[in-house]
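Undergrad: Mind looking at a prediction? Sequence and model below.
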Amino acid sequence: MKPSPTVRRIRIVSIVGARPQFVKLAPIARRFEWLREQGDFDVEHLIVHTGQHYDPVMSAVFFDELGLPAATVNLGVGSGPHGRQTAAMLDLIEQHLQDLRPDAVIVYGDTNSTLAGALAASKMRIPLAHVEAGLRSYNRAMPEELNRVATDHMADLLLVPTRTGMSNLLAEGLSARACFTGDVMYDAVLHNRTLAAALPSVARRFSFGDRPFAAVTIHRAENTTPQRLIPLVAALRRVADEVIPLLFLVHPRTAQALRTAGADFSPRATLRLIEPVGYLEMLRLLEEARLVLTDSGGLQKEAFFLGCPCVTLREESEWPETLEAGANQLAGTAPEAILAGVQRALAAHGREQLAARCAEYFGDGAAAHHIVAQVVELAAGVRGHG
């Protein structure tokens with residue numbers, strides 16, 4: 001679609017604040033830059049960083065290694081209770097949107113940054129696009145589920161990564177605003193896996209050498225309460241001692257929860273504790289690990305894209321495609337169930353067989369191309385919005 005000589009400049013603002021959102025943003029930012037260089041549209045793409053993830057290992061390192069342009073503004077909100085954090089974001093985002101006057105706003109995923117950005121844009125009547133729309137875990141106890149449902153119902157344009165997501169939106173009467181794009185995180189993995197492969201071996205750095213090992217991440221609020229975390233700790237110790245050594249990447253929230261709970265989680269030869277790593281190093285780790293245990297939504301997919309079997313430490317997944325493909329095992333948080341899930345994951349299909357199925361579920365690896373085309377139409381007024 002070529003602009004007419006009278007087309008005004010288009011300004012689009014992306015609102016992000018957490019690690020998975022930086023990963024989703026990177027292919028889209030590259031595509032906007034490509035579009036600008038082509039001269040087809042006079043498009044300006046700006047980034048508002050809420051500061052939800054403010055620790056350097058969870059924020060700055062991702063901007064650096066993903067080649068993201070610097071944020072136009074960093075709100076520096078930081079952590080805090082949901083209500084206080086979301087309110088602070090909403091207040092500041094509204095102020096900056098008044099100054100920036102964008103033609104469209106893009107929000108990503110399901111964090112408090114997503115919800116605050118969606119509320120601000122909707123109340124200001126700025127056309128709103130939601131990347132990774134249509135996901136449902138059907139667990140309203142998850143703050144992320146509330147965020148994604150509310151955002152989908154506010155957004156003018158729903159950019160959907162999977163056919164399951166399209167079905168979910170159809171059931172909620174939102175299909176007229178929905179567009180299947182494929183998953184932009186699939187774009188990111190395809191783009192970055194070669195760069196990741198050039199990094200030094202993570203396994204050798206932590207003395208696993210050529211021995212099989214599994215990676216672990218835990219960060220969700222419901223899993224970092226003492227009632228959940230202590231049984232999880234017990235289960236991970238059993239997995240490490242009885243089945244396969246573990247490399248546990250300890251999220252800042254989880255580290256604090258471990259200290260508060262007084263959980264016995266001393267490192268040992270079969271269990272290594274490290275700080276979170278950057279995005280590229282995490283891809284390298286997934287290439288080397290025999291499996292991953294996680295409560296992360298994004299990591300379930302990244303593991304699938306790289307053929308690494310996954311055990312999900314939750315009772316549900318917003319990515320049923322990973323379950324259907326046999327790449328992901330739902331284990332919950334009970335020790336016996338986790339041990340059984342690990343055994344099933346170890347018996348899963350080979351890496352190449354798993355990775356080969358990704359395109360069946362997550363698109364053609366060009367989601368950013370489809371997303372940017374749709375957002376530009378929304379911002380230019382070509383695509384109608386409510």
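TA: Good, I have the coordinates.
Undergrad: so where's the stretch 101-250 of the chain shaky on pLDDT?
TA: 207 (pLDDT under 70).
Undergrad: how about the strands in it?
TA: Residue ranges of the strands in the stretch 101-250 of the chain, as given by DSSP state E, counting those that start in this stretch, are 104-108, 128-131, 157-160, 178-180, 214-218, 246-250.
Undergrad: can you map out the helices along the stretch 251-386 of the chain?
TA: Assigned by DSSP state H, counting those that start in this stretch, the helices in the stretch 251-386 of the chain fall at 252-261, 279-288, 297-305, 320-324, 335-346, 351-355, 358-362, 367-380.
Undergrad: Correction: the previous question concerned the stretch 1-150 of the chain.
TA: 19-38, 60-65, 82-100, 112-123, 143-154.
Undergrad: Make a markdown table from those helices and add distance to residue 183 and mean neighbour count to it.
TA: Every residue, glycine included, has its C-beta placed from N, CA and C. Below are the helices of the stretch 1-150 of the chain laid out as a markdown table (distance: least, C-beta to C-beta, whole Å; neighbours: other C-beta atoms under 10 Å):
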| stretch | distance to residue 183 | mean neighbour count |
| --- | --- | --- |
| helix 19-38 | 9 | 21 |
| helix 60-65 | 18 | 18 |
| helix 82-100 | 25 | 17 |
| helix 112-123 | 16 | 25 |
| helix 143-154 | 15 | 20 |
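Undergrad: Could you check how far the nearest residue to residue 51 once chain neighbours are set aside is from residue 92?
TA: Nearest in space to residue 51, with sequence neighbours left out and distances taken as C-beta to C-beta, 6 or more residues apart in numbering, is residue 76 at 4.2 Å. If you measure residue 76 against residue 92 using C-beta to C-beta, to the nearest Å, the figure is 9 Å.
Undergrad: on that earlier part again, dump the helices of the stretch 1-150 of the chain to TSV, plus distance to residue 306.
TA: Formatted as TSV, the helices of the stretch 1-150 of the chain follow (distance: least, C-beta to C-beta, whole Å):
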stretch	distance to residue 306
helix 19-38	14
helix 60-65	17
helix 82-100	32
helix 112-123	25
helix 143-154	23
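Undergrad: can you tell which of those helices is closest to residue 133?
TA: helix 143-154 (5.2 Å; C-beta to C-beta).
Undergrad: So which elements touch that closest one?
TA: On a contact count with 3 or more C-beta pairs under 8 Å, 6 or more residues apart in numbering; DSSP states H and E, helix 143-154 meets helix 112-123, strand 128-131.
Undergrad: 6 Å instead?
TA: helix 112-123 (3 or more C-beta pairs under 6 Å, 6 or more residues apart in numbering; DSSP states H and E).
Undergrad: Against which helices or strands is the helix it packs on packed?
TA: Checked by 3+ C-beta pairs under 6 Å, 6+ apart, helix 112-123 has helix 82-100, strand 104-108, helix 143-154 packed alongside it.
Undergrad: CA atoms of stretch 230-250 as PDB?
TA: C-alpha atoms of stretch 230-250 as PDB (Å, rounded to 0.1, in the frame of the first residue of the first chain):
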ATOM      1  CA  ILE A 230       8.500 -24.600  49.700                       C
ATOM      2  CA  PRO A 231       6.900 -27.600  47.900                       C
ATOM      3  CA  LEU A 232       8.500 -26.500  44.700                       C
ATOM      4  CA  VAL A 233      11.900 -26.300  46.300                       C
ATOM      5  CA  ALA A 234      11.500 -29.800  47.600                       C
ATOM      6  CA  ALA A 235      10.500 -31.100  44.200                       C
ATOM      7  CA  LEU A 236      13.400 -29.400  42.500                       C
ATOM      8  CA  ARG A 237      15.800 -30.900  45.000                       C
ATOM      9  CA  ARG A 238      14.400 -34.400  44.300                       C
ATOM     10  CA  VAL A 239      14.600 -33.900  40.500                       C
ATOM     11  CA  ALA A 240      18.300 -32.800  40.800                       C
ATOM     12  CA  ASP A 241      19.200 -35.700  43.100                       C
ATOM     13  CA  GLU A 242      17.200 -38.500  41.500                       C
ATOM     14  CA  VAL A 243      16.700 -37.600  37.800                       C
ATOM     15  CA  ILE A 244      18.800 -34.900  36.200                       C
ATOM     16  CA  PRO A 245      21.100 -32.000  37.400                       C
ATOM     17  CA  LEU A 246      19.500 -28.600  37.400                       C
ATOM     18  CA  LEU A 247      20.700 -25.100  36.600                       C
ATOM     19  CA  PHE A 248      18.300 -22.700  38.400                       C
ATOM     20  CA  LEU A 249      18.100 -19.100  37.000                       C
ATOM     21  CA  VAL A 250      16.800 -17.300  40.000                       C
END
